[in-house]
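Q: this one's structure only:
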Ligand SMILES: Nc1ncnc2c1ncn2[C@@H]1O[C@H](COP(=O)(O)OP(=O)(O)OP(=O)(O)O)[C@@H](O)[C@H]1O
């Protein structure tokens with residue numbers, strides 16, 4: 001089990017930029033409490049004035065007349081109440097703003113860090129789980145920082161101030177009020193240790209619930225088409241039950257805290273009430289001091305019952321902090337590089353030299369592959385599904401680190417370039433196009449923020465997308481829905497091509513970029529692409545051989561190995577895999593038409 005204090009320390013360490021604000025907030029909390037504790041002292045003084053009159057404590061300070069003494073007490077009370085209110089306003093604002101600031105920083109840092117983690121990290125975790133950390137866990141901090149931090153400080157202040165006052169006023173019976181303290185403290189620590197694991201379980205269950213929800217929402221079409229709504233509700237019920245149960249287990253413990261503490265407090269309070277009373281009757285204790293003692297005992301011990309709620313908030317917040325900090329501590333695998341690379345200066349020669357690669361815990365996908373794309377030329381990569389074509393591209397984008405071999409761009413090891421620079425030099429149109437919720441225009445201009453409408457229209461024209469865009473209700477300003485779901489698969493692909501054309505990268509990768517369009521549109525896109533791929537290094541991956549037919553060089557991949565290579569004619573002449581595939585595809589086509 002982790003130490004209950006460790007996440008708090010890491011949070012404090014993380015928040016050190018807000019140190020000054022934290023100090024101010026602490027100061028205001030303490031001052032507010034000190035002024036809040038003053039009224040019992042005023043009551044004690046007032047009783048003292050009424051009973052002893054000219055012999056009172058205040059009279060010793062030179063204020064003899066009873067009226068003057070009471071007037072002084074009234075003025076002091078007014079000042080104290082005013083100060084108490086001012087510091088309450090100040091600490092409320094400071095703590096709550098601090099909560100917002102820390103949350104804001106954590107949210108941004110966690111997201112920025114997450115973005116840099118390698119793809120394998122995301123593949124092992126569901127989106128819902130990550131969302132739970134970025135949203136739910138970070139929000140959990142607010143509840144603690146808003147009230148919890150202040151409460152802990154104020155309870156401590158109460159203990160120190162009132163405990164100190166006890167020993168000054170009545171050293172003989174002060175211990176009676178102090179005796180319950182260690183029990184309260186030990187009890188709290190014991191409870192805390194029991195709660196830690198229960199709250200960690202609650203966080204775990206909430207992230208499972210979130211995973212299920214986000215998965216189901218993105219797969220709503222599949223759920224509907226398979227009519228599995230009832231099953232999905234059942235699965236959600238199980239996750240929600242697990243979340244509820246874990247929360248109820250935590251509640252069972254944390255709810256027992258206050259009643260138990262109350263018993264200890266009752267013992268302390270009644271002891272002071274009884275023995276203090278006897279002392280006062282015997283004349284060993286002034287009546288003013290006795291009434292003040294009883295009030296103070298109440299003020300000293302009562303806030304301790306609130307500790308239960310505060311500890312609850314603390315435990316929940318720390319369980320969350322731990323998860324956020326774990327995310328922030330996840331190391332970034334990809335080497336960031338040190339050579340800058342401006343897209344305009346890229347020649348575009350790409351060489352894969354004896355590349356071998358396996359996904360984590362999988363058998364090798366690429367086995368000692370070598371291939372060369374001369375600058376400005378187009379190569380085609382074909383091969384059976386699962387043969388490793390897309391994996392090659394992912395390595396070129398450095399989305400994964402390869403196991404052995406080298407990839408060179410313009411003769412330089414790819415790992416030497418700044419990662420961002422490298423990726424800015426490569427335009428990828430992949431088979432699963434991702435469009436954002438926004439307009440057609442914003443989606444085409446993604447990554448090319450300062451593109452003009454004319455440039456966007458030209459890119460759309462080259463991608464054969466102009467016609468359908470103009471038929472949309474608001475043309476380029478039409479919102480296309482999350483993931484572009486208001487468009488057809490082929491329309492989405494054409495927007496992605498337009499996006500890559502607008503980006504105008506020195507290296508273009510088309511990974512099944514035209515698989516979702518009909519043959520005629522494909523032919524039109526290929527014609528347009530001919531214009532933009534001329535003198536641009538292009539890697540085209542396709543199942544349809546007609547797409548790669550005019551490539552300068554075609555590589556046929558099979559089981560992670562280059563099986564054949566050459567241009568279209570020479571591959572046909574080889575009478576191998578390619579020639580066979582070509583016959584099947586052209587045969588099929590002539591058979592259909
Ligand atoms: N992220 C991943 N983690 C583990 N294995 C993966 C991952 N991505 C792909 N694979 C596996 O690697 C192999 C090659 O996949 P890849 O996507 O490169 O094939 P491909 O030739 O592009 O196939 P297709 O023509 O179907 O797109 C497949 O067996 C696949 O299951």
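A: Okay, I see it. Everything quoted here is computed from the prediction, not taken from an experiment.

Q: Please measure how far the first residue of stretch 57-68 sits from its last one.
A: Using CA to CA, to the nearest Å, one end of stretch 57-68 lies 13 Å from the other.

Q: so how far is it off the chain centroid?
A: Chain-centre distance of stretch 57-68: 62 Å, with CA atoms, centre = their mean, to the nearest Å.

Q: Contacts made by it with the rest, please.
A: Here stretch 57-68 makes contact (CB atoms under 8 Å, 6 or more residues apart in numbering) with 45, 48-49, 52-54, 69, 72-73, 288. Just so you know, the C-beta spots here come from the backbone N, C-alpha and C atoms, and that holds for glycine as well.

Q: filter those to the buried ones?
A: When the contacts of stretch 57-68 are checked for burial by 16 or more other CB atoms under 10 Å, the buried set is 45, 48-49, 52, 69, 73, 288.

Q: Get me the contact residues on the protein for the ligand.
A: Within the chain, the positions near the ligand by CB under 6 Å from any ligand atom are 123, 359, 362, 365, 383, 385-391.

Q: Check the residues you listed and tell me the two furthest apart.
A: The span of these, defined through CB to CB, is set by 123 and 383 at 22.6 Å.

Q: quick one: which of these two has more around it?
A: residue 383 (24 against 10; other CB atoms under 10 Å).

Q: who's in contact with the more buried one?
A: Residue 383 touches 389, 556-558, 563, counting by CB under 8 Å, 6+ apart.

Q: give me phi/psi at it?
A: Main-chain dihedrals, residue 383, degrees, to the nearest 10: phi 160, psi 160.

Q: For it, which non-adjacent residue is closest in space?
A: Counting by CB to CB, 6 or more residues apart in numbering, residue 383 lies nearest to residue 557, which is 3.4 Å off, once chain neighbours are set aside.

Q: who does the host helix or strand of the one you found pair up with?
A: Counting by DSSP states H and E, the element that carries residue 557 is strand 553-558. As defined by DSSP bridges, the strand partners of strand 553-558 come to strand 378-383 (parallel), strand 561-566 (antiparallel).

Q: Check these for me and report the most buried one.
A: Using mean count of other CB atoms under 10 Å, the stretch among these with the greatest mean number of neighbours is strand 378-383 (a mean of 25).

Q: helix or strand right after that one?
A: helix 389-396.

Q: can you tell me the average pLDDT over the next helix or strand after that following helix?
A: Heading C-terminal from helix 389-396, the first helix or strand you meet, by DSSP H and E, is strand 404-409. Mean pLDDT, strand 404-409: 92.

Q: just how off-centre is strand 404-409 within its chain?
A: 34 Å.

Q: tell me the angle it makes with helix 389-396.
A: 70 degrees (axes from the mean of the first three to the mean of the last three CA atoms, to 10 degrees).

Q: May I have the strands that pair with the next helix or strand after strand 404-409, each with its orientation?
A: Note on strand 404-409: by DSSP H and E, the next helix or strand toward the C-terminus is strand 412-413. Paired strands of strand 412-413, with direction, are strand 404-409 (antiparallel) (DSSP bridges).

Q: contact partners of the partner strand?
A: Strand 404-409 is contacted from outside by 341, 346, 348-356, 368-370, 395-396, 413-414, 417, 422, 425, 507, using CB under 8 Å, 6+ apart.

Q: Can you list the buried residues in that strand?
A: Residues 405, 407, 409 are the ones in strand 404-409 that count as buried (16+ other CB under 10 Å).

Q: Export those to a markdown table and append columns for distance to residue 29.
A: As requested, the buried residues of strand 404-409 are arranged in a markdown table below (distance: CB to CB, whole Å):
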| residue | distance to residue 29 |
| --- | --- |
| 405 | 61 |
| 407 | 58 |
| 409 | 58 |
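
Q: will you turn the strands paired with strand 553-558 into a markdown table that also has mean pLDDT?
A: Listed next are these as a markdown table, based on pLDDT from 0 to 100:
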| stretch | mean pLDDT |
| --- | --- |
| strand 378-383 | 92 |
| strand 561-566 | 90 |
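
Q: Kindly list the longest helix within the protein.
A: Assignment by DSSP state H gives helix 66-116 as the longest helix of the chain.

Q: What residues does residue 293 make contact with?
A: Applying CB under 8 Å, 6+ apart, we find residue 293 in contact with 166, 169-170, 173, 177, 272, 276, 285.

Q: Also residue 191?
A: 253-254, 257, 308, 311.

Q: ok, now with 7 Å
A: Counting by CB atoms under 7 Å, 6 or more residues apart in numbering, residue 191 touches 253, 257, 311.

Q: show me where this protein has strands.
A: Under the criterion DSSP state E, strands of the chain are mapped to 350-357, 366-373, 378-383, 404-409, 412-413, 426-429, 507-511, 537-541, 553-558, 561-566.

Q: Export the ones you listed to a markdown table and append columns for distance to residue 578.
A: Formatted as a markdown table, the strands of the chain follow (distance: least, CB to CB, whole Å):
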| stretch | distance to residue 578 |
| --- | --- |
| strand 350-357 | 19 |
| strand 366-373 | 15 |
| strand 378-383 | 7 |
| strand 404-409 | 24 |
| strand 412-413 | 31 |
| strand 426-429 | 23 |
| strand 507-511 | 19 |
| strand 537-541 | 14 |
| strand 553-558 | 5 |
| strand 561-566 | 6 |
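
Q: Could you measure from residue 291 over to residue 73?
A: Separation of residue 291 from residue 73 (CB to CB, to the nearest Å): 15 Å.
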